[in-house]
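> Return atomic coordinates for the entry below.
(4 chains)
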2 protein chains.
Amino acid sequence: MRARVSTASVSRVLNGSGAVTEPTRQRVLRAAQYLRYTPHEAARSLITRRTRTIGVLLPDIHGEYFSELIRGIDRAARLRGLHLLVSSSHGDAGEAALALRAMNGRVDGVLVMSPYLNAKSLDAALPSTLPAVLLNTPEQAGRAPAFVIDDFGGAKAMVEHLRALGYQRIAHIAGPEGNYESAERLRGFQAALGRTLSGRALVLAGNFTEESGYQAGQQLAAAAPRPDAVFAANDMMAIGCLLALREAGVRVPEDIALTGFDDIPIARYITPPLTTVRAQTTELGRQSLEELAHAIEDRESARPDRHTLSTQLVIRESCGQAQRRAR
Amino acid sequence: MRARVSTASVSRVLNGSGAVTEPTRQRVLRAAQYLRYTPHEAARSLITRRTRTIGVLLPDIHGEYFSELIRGIDRAARLRGLHLLVSSSHGDAGEAALALRAMNGRVDGVLVMSPYLNAKSLDAALPSTLPAVLLNTPEQAGRAPAFVIDDFGGAKAMVEHLRALGYQRIAHIAGPEGNYESAERLRGFQAALGRTLSGRALVLAGNFTEESGYQAGQQLAAAAPRPDAVFAANDMMAIGCLLALREAGVRVPEDIALTGFDDIPIARYITPPLTTVRAQTTELGRQSLEELAHAIEDRESARPDRHTLSTQLVIRESCGQAQRRAR
DNA sequence: TTTTCGCTGGTAAACGCTTACATTCGAACC
DNA sequence: GGTTCGAATGTAAGCGTTTACCAGCGAAAA
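Okay, the predicted model is just below:
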C-alpha cells in the first residue's frame, strides 16, 4: 500500500513467512519504519487465534509473597515472549469468574490462584477450551494441572523440628478459615503433634496479617501456662506476634520459640532472625507458567497432574536451636 | 442466532445499548448462559477501538518498591474496570521500545517507568497517538504528563535532619549511575551539605542492591576518619550497610548514624529501625493511572504536566535522634 | 519460438464483533 | 380501514490483519 506493495506482502515481510525477494523486503521495511507502522495486535490475534498473552488471576497483589510469585511468572513469560494480563483482588468466586470472562479472547491461557475457589466453581467459570493451570488449589479440578506448595509437609517438618528441640507445649497461629493453605499448614501442625497431643494443642485464630499475629501474640503472652513454642502459619503473623511478645517482655527465643512459614525477605532481617519454612514461590510461578505454555502449544499434552513443590526448613535464631544445643 | 435472534440483538442486549423488548432480552440472556457464551474481546476491541487495558512498562518487578507501585496501579485500575498488561525488565531503550510496539492494539494507553530512558528515545518509541504517562522520568518528554517522586527534596531534608542532629562528616552511598532517581538523591545530598562541604563529602558507589550497600559498609567501617553518619540512596543499601557495620563491630546509631530512602516494609522491622524517607509509591501508581485514564477518555485534556509527589521524613532509631536529644 | 514450470506478489475471504441503516410490524390517528 | 409514525429487529459493512488461492512473469526445456 505505502511502498507500492499489497497488504499481503507487507504481512509476509513482517512475519518472515512466505516468499519475498530482497528488494521488496527492503522497500516494505523502509516504508514501515518511515511510517512508524506497527501491526494492530487485536486484529492479528483475531485471525491467528493467538494472543501471546497469559492471564494471571490472583487473590491479591499485596505483600511480598505475591511479588515473588509474579516475578517468577514474569521471568518465565519474558523468556518465552509472552505478555501478562494480571487481575487481582478476587475475594469470592463470582468476582473471579467475572474476571475470567473478561479475559476471553484476550489470552491464550490462564494461571489461576484462588485459595477460596473450589474445583467446581472454577470449572464452571473457565471456558472449557481455555488452557489453565491452577496454583495452590484445594481440590483437583478436573481438567487443569495444578501446582501446589507442600504446605502440609513443610508445617509438619517445622513442628517436628520444634519437638526435636525439646519444646513441649507448642501453639499454632492459624491462617484464615476456608483457605486451602491455612488448612494444610494446620493439618501439618496437628500431624506432627500426633494423636494424643493435638487434642490439647493451642490453636489461635489469625488471617495472615501482621495485625492478627500481633493479637495472637498478646494472647500468648498472657496465657497460663504459656506455650514454650509458637508456629505461625505465615511469616507476617510471626512478625506481628514477635512485636506483641517483645512489648509484653517475653523474650524470643529464650522464653518462647517462634517460627513462621514462607521465608519472606523480612524474615532474615528481624531480630532475632526468624526460623521459617521456605516456599519456592518464584519457582512455583516459573513452573506453572512453563506448564501452561506447554499446554497452549500442544493441548493434547496437558495432563491434569498435581505437582507438589517441596519446602525447606530455614533454621535461624528465633527457634532457639543454638541455646538448646548449648545445654 | 441461538435464541432465534440476530447477532445485532445479542450485541444490543449484552452491551445494554439500543432498544430491545424485555422478552427478547430474556431469551438472549438465557441462551447466552446456556451456551456459556462470552464475547471475544479481541474482535470487540478491533471495532470499538477500545481495549479497556492499560500497558505498564517497568524496569524490573524485583523488590518491594515495585510491588507497592503495582499495587497502587492495580487498585486504581480495578476501580475503573481496567485491565493491566505488565511488561518488565527493560534494561535498555531498545528493549523498552520493542515492548511498547508489542502493545500496540492491545492497550488504550501506557504507563512507563524507565529511569534510564530519556525523553527523546521514548518519544520515538511511542506511537504518537497512544496516550502515555511517565513515571520518575528524567526530562520532560514532550507530550506526556509525568509523575515523579521528589527525590531531591526528600534527600535534602534527610541530610539536613542529620546536620541538625549535629553530625559533621556525612557520607552518601549512591545509586547506579545514569539513573534519574540516583542522580536526584545525590543532588539533594550535596545541596544539603552546601557548597563548602560537598566538595569534601564522601560519596560511595552503589547500585541499589543490598550487596552494594554491604560493600560500602565495609569501606565505611575501615575509613579513617570514619564518617559519623551515612545516607544511603535507598533502604536496601542501607540494610546491606548495616550488616557490614554490625560485622565490623561498628554500632548504629551510637558509632555511626544510618539512614535510607523509600521506607520499604523491612525498614520498620530491622534493628535498629531505619530512619528513612517515605516515598508515596502506592500513591504514585494510583495518581498516574488516574491521569492516564483521564487522558484516554478525553485526549484533549491531556497536558504534559509534571507532577511531583512530596516525600516525608520517617524518623526511627537508626539516626540516633533519641541519643542526641538526650544529651 | 513455444510450452512448461517455479516463484513472486496480488486478490479476497475470513476472524467475531458493533453499528448505521433498512425493514418490519403494530398502534394510533384521521 | 387506510395512512403514518415509531419502536423493535434484521442486514450487512467494516475494523486490520493473515493466508488460501490465483495470476503473472521470467527462465529453462523442448
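> What residues does the residue nearest in space to the middle of chain A make contact with?
With distances taken as Cα atoms, centre = their mean, A:L69 lies nearest the centre of chain A, 5.0 Å away. Listed by Cβ atoms under 8 Å, 6 or more residues apart in numbering or on different chains, the contact set of A:L69 reads A:L58, A:M113, A:L135, A:T281, A:T282, A:L284, A:G285. The C-beta positions use only the backbone N, C-alpha and C, and glycine is treated the same way.
> my read: A:L29 touches A:V13, true?
Yes: the criterion here is Cβ atoms under 8 Å, and A:L29 meets it with A:V13 at 6.6 Å.
> Which one's more surrounded, these two?
Neighbours per residue, other Cβ atoms under 10 Å in any protein chain shown: of A:L29 and A:V13, the larger number sits with A:V13, 21 against 14.
> Could you check the pLDDT of the closest residue to that one other than its chain neighbours?
Closest residue to A:V13 apart from its sequence neighbours, by Cβ to Cβ, 6 or more residues apart in numbering or on different chains: A:V28 at 4.3 Å. With respect to pLDDT, A:V28 scores 83.
> How far off centre is whichever strand or helix holds A:V28?
Per DSSP states H and E, A:V28 falls inside helix A:22-35. Offset of helix A:22-35 from its chain centre (Cα atoms, centre = their mean, to the nearest Å): 45 Å.
> give the contact list for whichever residue of the stretch 201-327 of chain A sits closest to DNA strand C.
Across the stretch 201-327 of chain A, the shortest distance to DNA strand C (Cβ to the nearest atom of the strand) belongs to A:R299, at 16.2 Å. A:R299 is in contact with A:P131, counting by Cβ under 8 Å, 6+ apart.
> just A:G175 next, same as before
Neighbours of A:G175 in contact, by Cβ under 8 Å, 6+ apart: A:E181, A:S182, A:R185, A:L186, A:G206, A:N207, A:F208, A:A233, A:N234, A:M237.
> Just the CA trace of whichever strand or helix holds A:L100, in CSV.
A:L100 belongs to helix A:93-102 when elements are defined using DSSP H and E. Output in CSV follows, covering the C-alpha atoms of helix A:93-102 (Å, rounded to 0.1, in the frame of the first residue of the first chain):
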residue,chain,number,x,y,z
ALA,A,93,-15.8,-17.0,43.3
GLY,A,94,-18.2,-14.6,41.5
GLU,A,95,-15.7,-11.9,41.0
ALA,A,96,-13.1,-14.4,39.8
ALA,A,97,-15.5,-15.8,37.3
LEU,A,98,-16.2,-12.3,36.0
ALA,A,99,-12.6,-11.5,35.6
LEU,A,100,-12.1,-14.8,33.8
ARG,A,101,-14.8,-14.0,31.3
ALA,A,102,-13.3,-10.6,30.7
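> Tell me if that helix is near DNA strand C.
No: for helix A:93-102, no contact with DNA strand C is found by Cβ under 7 Å from any atom of the strand; the gap never falls below 11.3 Å.
> is chain B contacted by that helix?
Yes: applying Cβ under 8 Å from any Cβ of the partner chain, one finds helix A:93-102 in contact with chain B at A:R101, A:A102.
> which parts of that helix are buried?
Across helix A:93-102, burial judged by 16 or more other Cβ atoms under 10 Å in any protein chain shown covers A:A93, A:E95, A:A96, A:A97, A:A99, A:L100, A:R101, A:A102.
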